[in-house]
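Engineer: Let's see this in three dimensions:
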Amino acid sequence: MTVYEYTVQKPNHEEVNLASYKGKPLLIVNTASKCGLAPQFEGLQKLHENYGDKGLQVLGFPCDQFNNQEFDDIEQTTEHCKVNYGVSFPMFAKVKVNGKETHPLFEYLKNQQKGMLSKEIKWNFTKFLVDKEGNVVKRYAPTTPPDKIEEDIKSIL
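Structural biologist: Have a look, this model is predicted:
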């Protein structure tokens, strides 16, 4: 299996099959607009701008599981990210990344690359790097700044 087996939803609930990203490296991130780590949106946007023409796709998945740090209204989330951080990479509908209602994509990601102590996601802005074949190659801690991922991205472009 690869990430291409999964379907996600845009903020308007339109279904997107991740197979539409075949052949492109992905950086999949669980985000939260009101998190102290939210300034990472700027770094994620910079990666999107610097490597998007080489195929990199940054995909943001808002999540409200950690101290309710996401807006209730997904429109408010996407607007906040655009206005405050210049986000133009795809943002999707809110997901759960842990527990019984974990989105299947995030269950897969966690099973492919476990964290330091467990497979569970511990906080907002956990990042998963996926190669052009849809394989999860690395997981990054929430505190890893996007620019520290740059060399790994270059190696799979």
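Engineer: For the most centrally placed residue in the chain, which non-adjacent residue is closest in space?
Structural biologist: Geometric centre of the chain, nearest residue: residue 29, 1.9 Å, by C-alpha atoms, centre = their mean. Once flanking residues are discounted, residue 29 sits nearest to residue 127: 4.9 Å by C-beta to C-beta, 6 or more residues apart in numbering. Just so you know, the C-beta spots here come from the backbone N, C-alpha and C atoms, and that holds for glycine as well.
Engineer: do the same with residue 150
Structural biologist: Nearest one to residue 150, counting by C-beta to C-beta, 6+ apart, is residue 47 at 6.9 Å.
Engineer: Please state the offset of the helix or strand hosting that neighbour from the chain centre?
Structural biologist: Using DSSP states H and E, residue 47 falls within helix 40-51. Relative to its parent chain, helix 40-51 has a centroid offset of 12 Å by C-alpha atoms, centre = their mean, to the nearest Å.
Engineer: In terms of secondary structure, what does the helix or strand just after it contact?
Structural biologist: Scanning forward in sequence from helix 40-51 by DSSP H and E, the next helix or strand is strand 57-62. Packed against strand 57-62 by the contact rule (3 or more C-beta pairs under 8 Å, 6 or more residues apart in numbering; DSSP states H and E) you find strand 26-31, helix 40-51, helix 74-85.
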